[in-house]
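In: My questions concern the predicted model and sequence given below.
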Amino acid sequence: MRASGRALLWTGMLLGVAACGGPQPQDADETAGQAPATAQAQPEAPDIALPRVTVSGDESAHVVEAWTPPAVEIGEDADRRALRRQAEAALREGRLYEDAAAAAPIYLALSRTDPQDRQARDGLRRTTTAVLAAADRALAEAATDPQSGALERAVALAAVARTLDAEDRRVRSLQQRVERARRVAALVRAGREDLRGGQLDGALAWFREALALEPQDRDARQGLGAVESALVDRAQGEADRLEFDAAAGWLEQAGAVRGDMAGAVADARARIEAQRARAVAGLRDAALRDLLRPNGVRDARVRLAEVLRIARPGDPVAANLRERIDLVTYYGPFRPGQVFTDALADGSRGPQMVVVPHGAFRMGSEDSDPLASDAEKPAHYVRFNRGFAMSLTEVTVAEFARFVESAGARPRATRRGNSLVYDERSGNFVRRSGVDWRSGYDGRPADPGDPVLHVSVRDAEAYAAWLSEQTGRHYRLPSEAEFEYALRAGNPGRYPWGDHGVPPPESGNFTGGDDVSPGGRTWNNAFPGYGDGYWGVAPAGRFRPNAWGLHDLAGNVSEWVADCWHASYRRAPADGAPWYNPGCRARVVRGGSWAGSPAQTRSAWRSRVDSDVTSARIGFRVVRSI
């Protein structure tokens, strides 16, 4: 990127060489005794000639261009005193070297024609001092006003000083300062040329090289500021195109130009960050409006992708928007774990529902489970791409009664006039007349808060259809996959609580070794050392919920699900949908019960039951699409 600037620098130096084609000076001792100059003064040399420059890392490198003094005629009969007075007057007036009437040419001619002329030698010394002083002033002016032409005057004065006294320490110092000033000027010109061409790396290198020679050079420092401003402008241009990563790169380069002097860079960074924040907030607001529209999730995700592209990593606004879109995608207007109820047509409320998080799990029994049956295999992964809501508990007697009354329904056991109940005297389940959904596990009237029993799968489906009609929402029985997924609640163990063979205290209504019936009976196949205080059905929601806020999935009553019975999971759906064959009579019951064995309490346990069966051990719960 420095090609153009380097070319400019060397072109300027070559021009300086070309301008130095005049005769070279001769030392005073070489001219002493030579013939006088021509009778008439020669045409004066150009006022300013660009010095020839030696480019070197050596700080002692200096201007080697010479000044050719205008010829001054001093014949044998010349009035030397008059010439000295003329030179003195010129010196006082500041006419130092410009023509044959100036101080330096006259004193040089007087000294060369008479080396013993002490007055001429003294005048030459004073002229040299005046030339040095004039050169110092020119250098100072050039530093403050580079366009004034003062540097060219300093170059010319340095050449004069060298001709007058090349061995003077002050002259050598002047030569070095002039050379440095010329090198700095050439570097600055090269930097400006690259800057105009948009070659910022090259311009920066030239300006820094100039400042290495002269740290206080105003033009070079201004050049750095110009490079910095150009980099900031590029950053702003990228920010205006919402390319904030590219903008940050340009700002990083801009910040490295002048270091602690770069207040403008800090201001630009703050301004661009504010612009980024406004852009992110605007996209967020637009995406939230998209989410209010039907089928607006796709547009919202497009905006989210743009937010993630332009936001800083970890931006809380971006994270919040992603969460909001995910919530709508997976849960509609709900949040995982949220509990809600829908209003029924009569103003009452439906069952309490909890939002189950979307996700995936491994369904069924592993080969390592010695209690597993072939019907529970093969274990397979199921993924739910959207959350769903499930009733917190089994549907209660009171909730089912509202359906029967509102819909004028006659459930299966009511029509048939009997159902299976627990008989305390025999310790077995027997069919008893007069038992239906209003009855408890032993045939006596059930409490309103107990899970409804003695209902067939058709009765359960009719209740879900009535809820859908009443609420305008889609209620149904859970699929078998939904039931096991909700029962496990993220626990892959053999039992809902893990692999330990005894339930934790207060975890559910299971067959415990410490449970005792009203008649003093105990279970012959139970969890040892466990007791829950109930022989028979417990009120819905009596025990602690699982990790997802659901009660009694593993115990209390087994529950109908929507699936037809299949003897294994081969070719089972992987999306959690019910595996249903129209017209099937063999249905699936899931979850342990108050009278189920420990093996039936395992998370993967499933049972085949005829769709017309009603029992003191089977109830149901519902799910709702969200």
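Out: Perfect, thanks for sending it.
In: Quickly list what Met353 is bridged to.
Out: Beta-bridge partners for Met353, by DSSP bridges, are Phe340, Ser391.
In: What separation do you get for it and Leu467?
Out: 10 Å (CB to CB, to the nearest Å). (Each C-beta comes from the backbone N, C-alpha and C, glycine too.)
In: and stretch 118-132, how far from the chain's centre?
Out: Put simply, stretch 118-132 sits 73 Å off its chain's centre (CA atoms, centre = their mean, to the nearest Å).
In: can you list contacts of that stretch?
Out: Identification of contacts with stretch 118-132 by CB atoms under 8 Å, 6 or more residues apart in numbering yields 84, 87-88, 91, 94, 96-97, 103-104, 107-108, 110-111, 114, 157, 160-161, 164-165, 168, 170-171, 174.
In: Contacts only, for the closest residue in space to Arg271 that isn't next to it in sequence.
Out: Spatially, and ignoring its direct neighbours in sequence, Arg271 is nearest to Gln236 (7.9 Å; CB to CB, 6 or more residues apart in numbering). When contacts are counted by CB under 8 Å, 6+ apart, Gln236 touches 247, 268, 271-272.
In: On the three-state scheme, Gln236 is what?
Out: Look at Gln236: counting by DSSP: H, G, I helix; E, B strand; the rest coil, its state is helix.
In: And the pLDDT for it?
Out: You'll see Gln236 listed with a pLDDT of 96.
In: Check the gap between it and Ala186 for me.
Out: 32 Å.
In: And for Ala538?
Out: 97 Å.
In: what about burial for the contacts of stretch 118-132, which qualify?
Out: Among the contacts of stretch 118-132, the ones that count as buried by 16 or more other CB atoms under 10 Å are 84, 87-88, 91, 96-97, 103-104, 107-108, 110-111, 157, 160-161, 164-165, 168, 170-171, 174.
In: What does Arg476 show for phi and psi?
Out: phi -160, psi 170 (degrees, to the nearest 10).
In: Tell me which residues touch it, please.
Out: With CB under 8 Å, 6+ apart, Arg476 has these contacts: 461, 464, 468, 562, 622-625.
In: Closest one of these to Arg571?
Out: Ala562 (17.3 Å; CB to CB).
In: So that closest one: helix, strand or coil?
Out: strand.
In: what ranges do the helices span in the stretch 401-550 of the chain?
Out: In the stretch 401-550 of the chain, the segments counted as helices under DSSP state H, counting those that start in this stretch are 412-416, 457-471, 480-488.
In: Which neighbouring elements make contact with the last one?
Out: When you say that, I think you mean helix 480-488. strand 353-356, strand 359-363, strand 380-384, strand 388-391, strand 558-564, strand 586-590 (3 or more CB pairs under 8 Å, 6 or more residues apart in numbering; DSSP states H and E).
In: who touches it?
Out: 356, 359, 361, 363, 382, 384, 388, 390, 478, 496, 546, 548, 550, 553-554, 559, 561-563, 572-573, 576-579, 588, 590-591, 603-604, 606, 623.
In: just the angle between it and strand 380-384, please?
Out: 90 degrees (axes from the mean of the first three to the mean of the last three CA atoms, to 10 degrees).
In: Likewise for the second one?
Out: Interaxial angle of helix 457-471 relative to strand 380-384 (the same axes, to 10 degrees): 20 degrees.
In: can you tell me the helix or strand for Glu179?
Out: helix 169-196 (DSSP states H and E).
In: that older thread, need the max-distance pair from the contacts of Gln236.
Out: Ala247 and Arg271 (10.4 Å).
In: Which residue of the two possesses the greater neighbour count?
Out: For Ala247 and Arg271, the more surrounded residue by other CB atoms under 10 Å is Ala247, and the numbers stand at 26 against 14.
In: just the helices in the stretch 1-150 of the chain please.
Out: Shown for the stretch 1-150 of the chain, the helices assigned by DSSP H, counting those that start in this stretch span residues 3-18, 28-31, 80-93, 103-113, 118-144, 150-164.
In: Can you list the buried residues in the longest one?
Out: In other words, helix 118-144. Buried-residue list, helix 118-144, by 16+ other CB under 10 Å: 119-121, 123-124, 127-132, 134-135, 138-139, 141-143.
In: And the closest residue to Pro539 other than its chain neighbours, how close does it get to Ser507?
Out: Ranked by CB to CB, 6+ apart and with sequence neighbours excluded, the top spatial neighbour of Pro539 is Gly449, at 4.5 Å. According to CB to CB, Gly449 and Ser507 sit 20 Å apart.
In: of these two, who's got more company?
Out: Legend: neighbour count by other CB under 10 Å for Gly449 and Ser507, higher for Ser507 (19 against 15).
In: Next, the contact list for the more buried one, please.
Out: 496-497, 543-544, 554.
In: mind running it again at 6 Å?
Out: Trp497 (CB atoms under 6 Å, 6 or more residues apart in numbering).
In: repeat for the one 10 residues further on
Out: By CB under 6 Å, 6+ apart, the residues touching Ser517 are Trp535.
In: My guess is Leu321 contacts Leu283. True?
Out: No. In this structure, Leu321 is not within contact of Leu283 by CB atoms under 6 Å, at 7.9 Å.
In: so what's in contact with these two at the same time?
Out: In contact with both Leu321 and Leu283: Val307, using CB under 6 Å, 6+ apart.
In: Check the gap between Ile310 and Tyr107 for me.
Out: 75 Å.
In: What of Ala586?
Out: Ala586 is 130 Å from Tyr107, by CB to CB.
In: Spatially central residue for this protein, please.
Out: In the chain, the residue lying closest to the centroid (CA atoms, centre = their mean) is Pro313, at 2.3 Å.
In: how close does Leu204 get to Arg234?
Out: 13 Å.
In: the more surrounded of the two?
Out: Leu204 (25 against 19).
In: Where does that one fall, secondary structure wise?
Out: helix 200-213.
In: Return the set of buried residues in that helix.
Out: Here helix 200-213 shows 200, 202-211 as buried, counting by 16+ other CB under 10 Å.
In: Give me the contacts around it.
Out: 1-2, 5, 180, 183-184, 187-188, 190-191, 194-195, 217, 220, 223-224, 227, 230.
In: Can you say which of the residues you listed are buried?
Out: Using 16+ other CB under 10 Å, the buried ones in the contacts of helix 200-213 are 2, 5, 180, 183-184, 187-188, 190-191, 194-195, 217, 220, 223-224, 227, 230.
In: Alright, calling it a day.
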